[in-house]
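Engineer: Compute the structure for the input listed below.
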Amino acid sequence: MALGYLALVLHAHLPFVRHPESDYVLEEEWLYEAITETYIPLIHVFEGLKRDGVDFKITMSMTPPLVSMLRDQLLQERYSEHLEKLQELLEKEIEHNEHNGHIKYLAEYYAHEFKEIRKTWERYKGDLVTAFKNFQDSNNVEIITCGATHGYLPLMKMYPQAVWAQIEVACQSYEENFGIRPRGIWLPECAYYEGLERMLADAGLRYFLTDGHGLLYARPRPRFGTYAPIFTETGVAVFGRDHESSQQVWSSQVGYPGDPVYREFYKDLGWEADYDYIKPYIMPNGQRKNVGIKYHKITSRQAGLSDKALYDPYWAREKAAEHAGNFLYNRIQQVQHLASMMQREPLIVSPYDAELYGHWWYEGPQFIDFLFRKAWFDQDSLYMIHLADYLKGHPTQQVAIPSQSSWGYKGFHEYWLNHTNAWVYPHLHKAAEKMIHLGTLEPADELQLRALNQAARELLLAQSSDWAFIMRTGTMVPYAVRRTKSHLLRLNKLYDEILAQKVDSGWLSKVEAIDNIFPQIDYRVYRPL
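Structural biologist: Next up, the predicted model:
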């Protein structure tokens, strides 16, 4: 009998980056890179595990913006073109490096990888949501939801209708795509405030996740810390992140992804190839960008980008197997130690951004593959489990009130509210007030109904925590500012036109075509609770 449980949780999220009004927008490549480097590689891992009889269990959030983009025909067509150009570039690279043995070997390796990605993409007809749904239907993957647009809920709690809209629209979107209501939710940025659980219960959600200190400082203090969930008074369960297992992967100092044999993220062919040679594969305006073909390994922390040695996928894969074994060994030691003290089976919850696995840490999907295989074949001390199954088997837990928290810098809300982004919140709050007012109206005709629903979409898109996050990180800031302002301006225009009963139908049609997320949205979700 196993002594405890390990729950691996992946948070798959990207902001809504879809620009039909332009032939090329760099930010759409966030999606293309994630498909190539994270989502399809994870599908390959899951398919391989099922083929080999490994009954794996993993919890995975798929946020509404990501699901919407993955099922968008325009983005599917653009991704196919993106992948085709990559494959064309690799054919040139193989020929170009005919007499450069190691580089040619790597180009041929990537050509094979992209060919397999193309096969999977075409096999699912570009609909990767169906691929993940198949694993949910077999009870291997528990797919959970998130806020409708990843809105930072504690910073809108003074407008309960706005919080409710983020939750309920997400649940409705999930039901439209997966056929059932979600059982769990990854709170955006794991950000919790006291009382939020009542809305989660009203939406029919069974559990959510917080960072470790959200449980450790709960009232009363949980007897088992983060190694068992707590129940709130509403009956909604709360799972806390385990610090020890998280640090082994996340930490820039001691985490696995920093190993010298792994692929170097920051050294890319798009920046290093001869300009005239690479020009057809970079931005249309001639600016260089990452193309996703990387020939070097990390080498050492001290090595500058010009001093990196060439990458070898074979040895990187061997290192991923070694690290998976080390991770599992440490979890077994952890479980054995905790079980002796707790007198019950401890649960270790290990949540990560999904894009860490494959995009940032190229070998991450291989690590997951080895971890599940080793857990299945090589030990009997712990079960890997997803959170829904854990709750089915453990219906009784301590009742407590979680502590306000997030998984961001310093553990609270500072990363999303500081000198770089504080200017957005007065505008977001005013916009929420306007939308709540619109929620009380009855449309005079079909045109007004469309305008009211579009206003709801614009507010949700403006509230995305990604924009404040980007402003704080200092990367792609003009894009984040532009997106925030454009959604707010559209909402303000719609608000004025709806009240004046003079909706510009031509302009509305254009905006509906651009911001087409949540086609079934009902603006009445903003009515008083």
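
Engineer: what residues are up against the nearest residue to residue 415 once chain neighbours are set aside?
Structural biologist: Nearest in space to residue 415, with sequence neighbours left out and distances taken as C-beta to C-beta, 6 or more residues apart in numbering, is residue 408 at 4.0 Å. Where C-beta positions appear, they are placed from N, C-alpha and C, glycine not excepted. Residues in contact with residue 408 (C-beta atoms under 8 Å, 6 or more residues apart in numbering) are 189, 191, 414, 415, 416.

Engineer: Over to residue 15?
Structural biologist: 30, 65, 149, 150, 464, 466, 467, 483.

Engineer: just curious, which of the residues you listed is nearest to residue 293?
Structural biologist: Lowest distance from residue 293 to those (C-beta to C-beta) belongs to residue 30, with 17.3 Å.

Engineer: wait, isn't the closest one in contact with residue 14?
Structural biologist: Yes. Between residue 30 and residue 14 a contact is recorded at 5.5 Å, counting by C-beta atoms under 8 Å.

Engineer: residue furthest from the geometric center of the protein?
Structural biologist: Distance from the C-alpha centroid of the chain peaks at residue 99, with 41.0 Å (C-alpha atoms, centre = their mean).

Engineer: Which pLDDT value belongs to it?
Structural biologist: Listed pLDDT for residue 99 reads 92.

Engineer: next one: residue 456
Structural biologist: Note for residue 456: predicted pLDDT of 98.

Engineer: burial count for it?
Structural biologist: 24 (other C-beta atoms under 10 Å).

Engineer: measure it to residue 254 for me?
Structural biologist: The spacing between residue 456 and residue 254, counted by C-beta to C-beta, to the nearest Å, is 45 Å.

Engineer: OK, contacts around residue 55?
Structural biologist: Applying C-beta under 8 Å, 6+ apart, the residues near residue 55 are 140, 376.

Engineer: Let me fix that, I meant to ask about residue 165.
Structural biologist: Counting by C-beta under 8 Å, 6+ apart, residue 165 has contacts 148, 435, 456, 459, 460, 525, 526.

Engineer: Now flag whichever of the residues you listed is closest to residue 488.
Structural biologist: Relative to residue 488, and with distances defined as C-beta to C-beta, the nearest of the contacts of residue 165 is residue 459, at 8.4 Å.

Engineer: which non-adjacent residue is nearest the closest one?
Structural biologist: Residue 459 sits nearest to residue 435 (C-beta to C-beta, 6+ apart), 4.7 Å away.

Engineer: wait, doesn't that neighbour sit right on residue 162?
Structural biologist: Yes. If you go by C-beta under 8 Å, residue 435 and residue 162 touch, sitting 7.4 Å apart.

Engineer: Pull up the overlap in contacts between these two.
Structural biologist: Common neighbours of residue 435 and residue 162, using C-beta under 8 Å, 6+ apart, are 459, 526.

Engineer: Residue 410 and residue 527, how far apart?
Structural biologist: Shown here: residue 410 relative to residue 527, a distance of 36 Å by C-beta to C-beta.

Engineer: Pick out whichever of these two has more residues nearby.
Structural biologist: residue 527 (15 against 8).

Engineer: In this structure that one contacts residue 162, no?
Structural biologist: No. Between residue 527 and residue 162 there is no contact under C-beta under 8 Å: 12.0 Å.

Engineer: Could you confirm residue 239 falls within a strand?
Structural biologist: Yes. Counting by DSSP: H, G, I helix; E, B strand; the rest coil, residue 239 is located in a strand.

Engineer: From residue 132, how far off is the residue nearest to residue 118 when sequence neighbours are not counted?
Structural biologist: In space, and not counting its chain neighbours, residue 118 is closest to residue 83: 6.0 Å by C-beta to C-beta, 6+ apart. Relative to residue 132, residue 83 is positioned 19 Å away (C-beta to C-beta).

Engineer: how's the protein carved up into domains?
Structural biologist: Domain ranges of the chain: 4-71+129-145+182-255+321-410, 418-526, per automatic domain parsing.

Engineer: From the chain's centre, how far out is the first one? Work that out for me.
Structural biologist: It refers to domain 4-71+129-145+182-255+321-410. Averaged C-alpha coordinates place domain 4-71+129-145+182-255+321-410 at 11 Å from its chain's average position (C-alpha atoms, centre = their mean, to the nearest Å).

Engineer: Please apply the same query to the last one.
Structural biologist: Centroid separation between domain 418-526 and its chain, computed with C-alpha atoms, centre = their mean, is 22 Å.

Engineer: Over to that domain now: how far is its first residue from its last?
Structural biologist: 28 Å (C-alpha to C-alpha, to the nearest Å).

Engineer: what's the answer for stretch 399-411, then?
Structural biologist: End-to-end distance (C-alpha to C-alpha), stretch 399-411: 23 Å.

Engineer: The helix or strand of the chain with the lowest mean pLDDT packs against which elements?
Structural biologist: Considering only helices and strands, the least confidently modelled element of the chain by mean pLDDT, DSSP states H and E is helix 243-250, at a mean of 88. Contacts defined by 3 or more C-beta pairs under 8 Å, 6 or more residues apart in numbering; DSSP states H and E place helix 243-250 against helix 313-342, strand 347-353.

Engineer: Keeping just the C-alphas, turn the helix or strand harbouring residue 90 into PDB.
Structural biologist: Assigned by DSSP states H and E, residue 90 belongs to helix 73-96. These are the backbone C-alpha positions of helix 73-96, laid out as PDB (Å, rounded to 0.1, in the frame of the first residue of the first chain):
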ATOM      1  CA  GLN A  73      -9.700  28.700 -37.400                       C
ATOM      2  CA  LEU A  74      -7.600  31.800 -38.300                       C
ATOM      3  CA  LEU A  75      -4.900  31.000 -35.700                       C
ATOM      4  CA  GLN A  76      -4.900  27.300 -36.800                       C
ATOM      5  CA  GLU A  77      -4.300  28.400 -40.400                       C
ATOM      6  CA  ARG A  78      -1.600  30.800 -39.300                       C
ATOM      7  CA  TYR A  79       0.100  28.100 -37.200                       C
ATOM      8  CA  SER A  80       0.200  25.700 -40.100                       C
ATOM      9  CA  GLU A  81       2.000  28.400 -42.200                       C
ATOM     10  CA  HIS A  82       4.400  29.100 -39.300                       C
ATOM     11  CA  LEU A  83       5.300  25.400 -39.000                       C
ATOM     12  CA  GLU A  84       5.700  25.100 -42.700                       C
ATOM     13  CA  LYS A  85       8.200  28.000 -42.700                       C
ATOM     14  CA  LEU A  86      10.100  26.300 -39.900                       C
ATOM     15  CA  GLN A  87      10.300  23.100 -41.800                       C
ATOM     16  CA  GLU A  88      11.500  25.000 -44.900                       C
ATOM     17  CA  LEU A  89      14.200  26.700 -42.900                       C
ATOM     18  CA  LEU A  90      15.400  23.400 -41.500                       C
ATOM     19  CA  GLU A  91      15.700  21.900 -45.000                       C
ATOM     20  CA  LYS A  92      17.900  24.800 -45.900                       C
ATOM     21  CA  GLU A  93      19.900  24.400 -42.700                       C
ATOM     22  CA  ILE A  94      20.600  20.700 -43.400                       C
ATOM     23  CA  GLU A  95      21.900  21.600 -46.900                       C
ATOM     24  CA  HIS A  96      23.700  24.700 -45.600                       C
END
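
Engineer: helices and strands around it, which ones?
Structural biologist: Using 3+ C-beta pairs under 8 Å, 6+ apart: helix 73-96 touches helix 29-34, helix 101-123.

Engineer: Okay, angle between the last one and helix 313-342 too, please.
Structural biologist: The one in question is helix 101-123. 60 degrees (axes from the mean of the first three to the mean of the last three C-alpha atoms, to 10 degrees).

Engineer: Please identify the buried residues of the next helix or strand after helix 101-123?
Structural biologist: Once the chain leaves helix 101-123, the next helix or strand it forms, by DSSP H and E, is helix 128-137. Buried positions in helix 128-137, judged by neighbour count with 16 or more other C-beta atoms under 10 Å: 128, 129, 131, 132, 133, 134, 135, 136.
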